[in-house]
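Engineer: how would this look folded up:
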Amino acid sequence: MSIAVLGAGAFGTALAVTMARGGANVTLWARDTTTLEISRQSPRLPGVELPKTVSITPELSQAAQANTLLLSVPMQSLSGLLAQLDVPLSGKHLVACCKGIDLSTLTGPADVIRQFKPHAVQAILTGPSFAADIASGLPTALTLACADDAAGQSLQHQLSTSTLRLYRSNDVTGAELGGALKNVIAIACGTTIGLGMGDSARAALMTRGFAEMTRLATHLGARAETLSGLSGMGDLALTCMSDQSRNYRFGLSRGRSESFDANTTVEGAKTAEAVTKLAAKVGLDMPICKMVYELATHQVDAADAVRILLSRPLKEE
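Structural biologist: Alright, predicted model coming up:
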């Protein structure tokens with residue numbers, strides 16, 4: 001079966017590289033293919049050359065001929081990409097490789113796919129991973145979530161490689177919310193370290209943040225054990241503790257009152273806004289996520305954000 005990766009950012013390029021090394025015929029779609037075609041390298045992933053078995057195209061219709069499409073664009077761009085895919089996709093596997101909550105619908109990527117391409121099979125690829133690690137062939141384990149068990153098994157075998165190990169789940173809601181919400185908590189943890197508050201404070205934020213993640217996910221029908229797995233706790237630990245994480249670095253810059261590259265995608269900022277609206281809609285208390293939203297939109301500064309969280313009423317864990 002053929003694979004197409006839609007999106008030539010760092011993660012999409014890394015997926016194309018590892019799938020091709022695993023023996024798959026891969027098509028990589030990018031809006032601008034000039035640099036890729038000349039150098040066979042993505043500016044988002046320096047030093048990594050695309051294997052010869054990766055075909056590059058700027059034509060969505062050509063890429064969409066593949067049986068499996070890996071959708072590797074930012075969450076807020078997913079609906080726009082799907083709207084452009086004006087070709088029959090019935091029965092094809094559409095695998096979202098983005099993490100977040102759509103601001104307009106307050107739903108995750110699986111529901112966005114279902115809205116635009118209801119006759120395609122929806123799946124989610126998520127978990128603790130950095131593009132550079134995947135492209136370098138370092139061992140990585142991810143969650144492949146699909147409500148259709150047979151399709152999930154097929155995708156698991158198709159997309160796994162000698163260095164990329166996929167664990168299957170049918171809890172799509174849990175997998176996509178774990179991947180989305182951990183980015184919000186990573187911003188909070190980066191802010192804490194940026195303020196010089198230390199690793200103990202970061203550990204506390206990770207723990208209480210995980211409680212918020214689980215609270216919302218289970219309220220929306222997810223299984224608690226999914227949040228304890230790769231797509232929840234695993235991804236949370238990686239993203240909150242590494243300088244490779246864009247979300248963590250964004251929080252770090254807020255804590256240090258430094259500027260941050262506006263061209264760098266920070267999914268957690270938009271997710272914080274979406275989850276604040278979603279929590280209000282369903283009547284849940286999500287104080288860390290709400291504070292990250294206010295911090296990201298400059299409604300509060302970093303020091304005040306921490307002070308407000310620490311002044312909340314004492315309660316049982």
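Engineer: which helix is the longest one in this structure?
Structural biologist: Longest helix in the chain, counting residues (DSSP state H): helix 172-194.
Engineer: so what's the gap between that helix and the chain middle?
Structural biologist: Chain-centre distance of helix 172-194: 10 Å, with CA atoms, centre = their mean, to the nearest Å.
Engineer: what does stretch 232-250 give?
Structural biologist: The answer for stretch 232-250 is 11 Å, by CA atoms, centre = their mean.
Engineer: what sits up against that stretch?
Structural biologist: Applying CB atoms under 8 Å, 6 or more residues apart in numbering, the contact partners of stretch 232-250 are 126-130, 132, 141, 174, 178-179, 182-187, 189-190, 202, 205-206, 209-210, 213-214, 217, 226-227, 252, 260, 264-269, 296. No exception for glycine: its C-beta is placed from N, CA and C like everyone else's.
Engineer: for residue 216, what is the enclosing helix or strand?
Structural biologist: Element membership for residue 216, per DSSP states H and E: helix 199-219.
Engineer: please disregard the earlier target; I meant residue 94.
Structural biologist: Assigned by DSSP H and E, residue 94 belongs to strand 93-96.
Engineer: and that strand, what other elements does it pack with?
Structural biologist: Judged by 3 or more CB pairs under 8 Å, 6 or more residues apart in numbering; DSSP states H and E, strand 93-96 is in contact with strand 68-71, helix 109-116, strand 121-126, helix 149-159.
Engineer: residue 279 is nearest to which of the ones you listed?
Structural biologist: Closest approach to residue 279 among those is made by helix 109-116 (17.3 Å; CB to CB).
Engineer: buried set for the closest one?
Structural biologist: If you call a residue buried by 16 or more other CB atoms under 10 Å, then helix 109-116 has these buried ones: 109, 110, 111, 112, 113, 116.
Engineer: report all helices and strands that it contacts.
Structural biologist: helix 78-84, strand 93-96, strand 121-126, helix 172-194.
Engineer: low-confidence stretches in the protein?
Structural biologist: For the chain, residues meeting the criterion pLDDT under 70 lie at 1, 314.
Engineer: and the residue nearest to the spatial centre of it, how far from residue 149?
Structural biologist: Residue closest to the average C-alpha location in the chain (CA atoms, centre = their mean): residue 99, at 2.5 Å. Using CB to CB, to the nearest Å, one obtains 23 Å as the distance from residue 99 to residue 149.
Engineer: returning to what we had before: winner for burial among the helices and strands packed on helix 109-116?
Structural biologist: Of all the helices and strands packed on helix 109-116, helix 172-194 carries the top mean neighbour count, a mean of 30, counting by mean count of other CB atoms under 10 Å.
Engineer: before we move on, back to that, and the next helix or strand past the helix holding residue 216?
Structural biologist: From helix 199-219 onward toward the C-terminus, using DSSP H and E, the following helix or strand is helix 224-227.
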